[in-house]
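1. Take a look and give me a structure for this.
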Amino acid sequence: MPGVRVVHWDLESTGLGHYTEEIVEYAIESHEHDRRLYDPNVSGSKPLSIASSQYIYTERPFQEKAKEITGLDTEKLRLMYKEGSAVRRTEGLAKFLSDIRSLDEPVVMVAWNGHRFDVPLMLAELRREYKDVRRALLDSNIIGFYDAKMYAKDNLKNTMGEDKMLLTAKGVPDYSLGPLYHAIFGEPFDNAHEAMADTSAMREVCEHEYMSGMYDEGWRESKYYMDTKTAVNKFELARMNWEHRKEVERRKKSCASTVPKDFGDLLTVETVSTKKKRARDTNDDTVPGSESKRQKV
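-> Take a look at the predicted model:
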């Protein structure tokens with residue numbers, strides 16, 4: 001089957017941020033007979049499949065929302081690390097890249113909401129570990145990233161019909177992976193928010209005829225796809241903007257600790273030199289004989 005190999009993937013983390021949170025689990029899945037992104041110049045002859053996941057140990061505290069979503073926390077990961085089912089970050093990231101490299105052909109990583117979460121989170125981790133993010137990606141055969149949720153939100157209303165979809169609490173179609181899977185297949189999938197379960201469910205959704213258009217010619221030019229260079233450039237720009245905002249906030253807090261709390265306090269502040277000058281002027285003007293005393297001295 002000609003075309004570019006698709007690798008479905010999912011990450012779980014210590015929180016919902018990108019630049020300081022850490023990956024605690026990853027999963028990837030790709031099968032030799034899966035659909036491929038259309039490219040007549042790629043033979044797609046590699047008869048390889050992979051389904052791999054890994055827990056990654058961290059000492060970083062979990063955000064409460066992340067603990068609620070994943071069912072994980074630092075203590076559980078510490079126990080898993082001792083038992084050998086979790087590895088340190090360096091080993092986990094190396095295994096992630098090695099697993100993808102084992103497919104031995106260029107791949108596009110497909111995630112659900114990947115552009116907003118999985119991609120920047122993984123790039124932040126790779127930057128901390130390898131510095132040269134783009135080289136780390138290219139060495140593992142990753143040529144780009146595709147956001148399946150973005151495609152679904154734009155196209156399922158035509159292929160599936162929003163009347164068949166489950167609704168959010170606000171009464172609008174729910175494009176979260178769990179509810180969408182339920183709407184398409186008539187039942188929920190087990191173990192939602194475990195990386196491997198989410199990855200397999202996403203793969204089934206993406207393989208469904210409702211999503212077949214995402215593999216058509218023109219995917220490279222669509223807004224759902226970013227090549228590695230674009231992804232890294234956008235990440236670095238967003239990271240620098242984030243660091244700038246954090247520095248501005250830090251300076252504001254630093255200034256606030258040395259400045260009077262309100263304008264009224266500001267009016268009453270006097271320096272030591274100001275107090276001395278005022279006292280001297282008062283003595284000169286009000287004490288009888290002050291001028292003659294200075295002359296005698």
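2. Please count neighbours and contacts with C-alpha atoms only from this point.
-> Will do.
3. Tell me who's in contact with Met122.
-> Ile23 (Cα atoms under 8 Å, 6 or more residues apart in numbering).
4. one more time with 10 Å, if that's ok
-> Residues near Met122 by Cα atoms under 10 Å, 6 or more residues apart in numbering: Leu11, His18, Tyr19, Glu22, Ile23, Tyr26, Leu93, Gly114, Arg128, Val133.
5. Quick check: it vs Lys253, distance?
-> Going from Met122 to Lys253 by Cα to Cα, to the nearest Å gives 31 Å.
6. Ramachandran angles for Ser227?
-> Check again: residue 227 is Asp, not Ser. phi -70, psi 170 (degrees, to the nearest 10).
7. Who are the contact partners of it?
-> Val108, Ile142, Ile143, Gly144, Phe145, Tyr146, Arg220, Glu221.
8. Would you reformat those residues as a markdown table and include pLDDT, secondary structure and distance to Glu209?
-> Formatted as a markdown table, those follow (pLDDT from 0 to 100; DSSP: H, G, I helix; E, B strand; the rest coil; distance: Cα to Cα, whole Å):
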| residue | pLDDT | secondary structure | distance to Glu209 |
| --- | --- | --- | --- |
| Val108 | 97 | strand | 20 |
| Ile142 | 95 | strand | 26 |
| Ile143 | 95 | strand | 25 |
| Gly144 | 96 | strand | 23 |
| Phe145 | 98 | strand | 21 |
| Tyr146 | 98 | strand | 18 |
| Arg220 | 95 | helix | 20 |
| Glu221 | 96 | helix | 22 |
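9. Between the residues you listed, which sits nearest Gly3?
-> For these, the residue nearest Gly3 by Cα to Cα is Val108; the value is 10.7 Å.
10. pretty sure that closest one is touching Arg5, no?
-> Yes: here Val108 lies in contact with Arg5, judged by Cα atoms under 10 Å, at a distance of 6.4 Å.
11. Please enumerate the shared neighbours of these two.
-> In contact with both Val108 and Arg5: Arg36, Leu37, Ile142, using Cα under 10 Å, 6+ apart.
12. Separate out the buried members of the residues you listed.
-> In terms of neighbour count (16 or more other Cα atoms under 10 Å), the buried residues within the shared contacts of Val108 and Arg5 are Arg36, Leu37, Ile142.
13. where's Trp9, which helix or strand?
-> Using DSSP states H and E, Trp9 sits within strand 5-13.
14. meant to ask about Ile28, not that
-> strand 23-30.
15. Just want the angle from that strand to strand 5-13.
-> Calculated by axes from the mean of the first three to the mean of the last three Cα atoms, to 10 degrees, strand 23-30 forms an angle of 160 degrees with strand 5-13.
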